[in-house]
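Colleague: Predicted model and sequence follow; I will ask about them next.
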Amino acid sequence: MEIESYSWTHRAQYYETDQMGIVHHSNYIRWFEESRVEFLDKIGYSYKKLEDNGIISPVIEISCKYKSMVHFGDDVIITPTIKEFNGVRLTIYYEITDACTKELRSFGTSSHCFLGIDGRPLRLKKDHFDFYERLLNLVV
């Protein structure tokens, strides 16, 4: 299965906003995660499948730059892209754009490692080659 690009659309909810009707900054990180979970599912490696195969992937670093505000009711498009993968560390780049105006609202990255359920680092190339190869082929 090939995937050229993937985007996930989200409508800003009332509970995600502050008193001014502006989405609270913490929600952008949640949107990164939601788009990442959906992206992995679309490429055939859902978090459930990974965990069933003894793979956990904690976040080891995250960053987010805010360019313009998202308000209650706005539709945004979150696009995750694999920027780096060396078999040990995975870095995903995210862009959040306004669905109507295409204005960039935010961008950032999350970095992940891969551990077994015992908490020890995994060698994906050796132990989970299909997943390793899939990630490697999706690096942009």
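Modeller: Happy to help now that I have it.
Colleague: helices or strands up against the helix or strand of the chain with the lowest mean pLDDT?
Modeller: When each helix and strand of the chain is scored by mean pLDDT, DSSP states H and E, helix 124-127 comes last, with a mean of 93. In this structure, helix 124-127 packs against helix 129-137, with contacts taken as 3 or more C-beta pairs under 8 Å, 6 or more residues apart in numbering; DSSP states H and E. From N, CA and C alone the C-beta is placed, and that goes for glycine too.
Colleague: Rounded mean pLDDT for the helix it packs on, please.
Modeller: If you average the pLDDT over helix 129-137, you get 96.
Colleague: So which other helices or strands are in contact with it?
Modeller: Counting contacts by 3+ C-beta pairs under 8 Å, 6+ apart, helix 129-137 packs against strand 75-85, helix 124-127.
Colleague: quick one: the helices in the protein?
Modeller: Secondary structure of the chain, counting by DSSP state H: helices at 26-42, 47-52, 124-127, 129-137.
Colleague: Going by neighbour count, list what's buried in stretch 51-63.
Modeller: When neighbours are counted by 16 or more other C-beta atoms under 10 Å, the buried residues of stretch 51-63 are found to be 55-57.
Colleague: Compile those residues into a markdown table and extend it with columns for distance to Lys125 and pLDDT.
Modeller: What follows is the buried residues of stretch 51-63, written out as a markdown table (distance: C-beta to C-beta, whole Å; pLDDT from 0 to 100):
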| residue | distance to Lys125 | pLDDT |
| --- | --- | --- |
| Ile55 | 13 | 97 |
| Ile56 | 17 | 96 |
| Ser57 | 15 | 96 |
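Colleague: Would you convert these into JSON lines that also reports distance to Leu138?
Modeller: Putting the buried residues of stretch 51-63 into JSON lines (distance: C-beta to C-beta, whole Å) gives the following:
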{"residue": "Ile55", "distance to Leu138": "17"}
{"residue": "Ile56", "distance to Leu138": "20"}
{"residue": "Ser57", "distance to Leu138": "15"}
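Colleague: Ok, which of the helices of the chain comes nearest Ser63?
Modeller: Ranking the helices of the chain by their distance to Ser63 (criterion: C-beta to C-beta) puts helix 26-42 first, at 9.6 Å.
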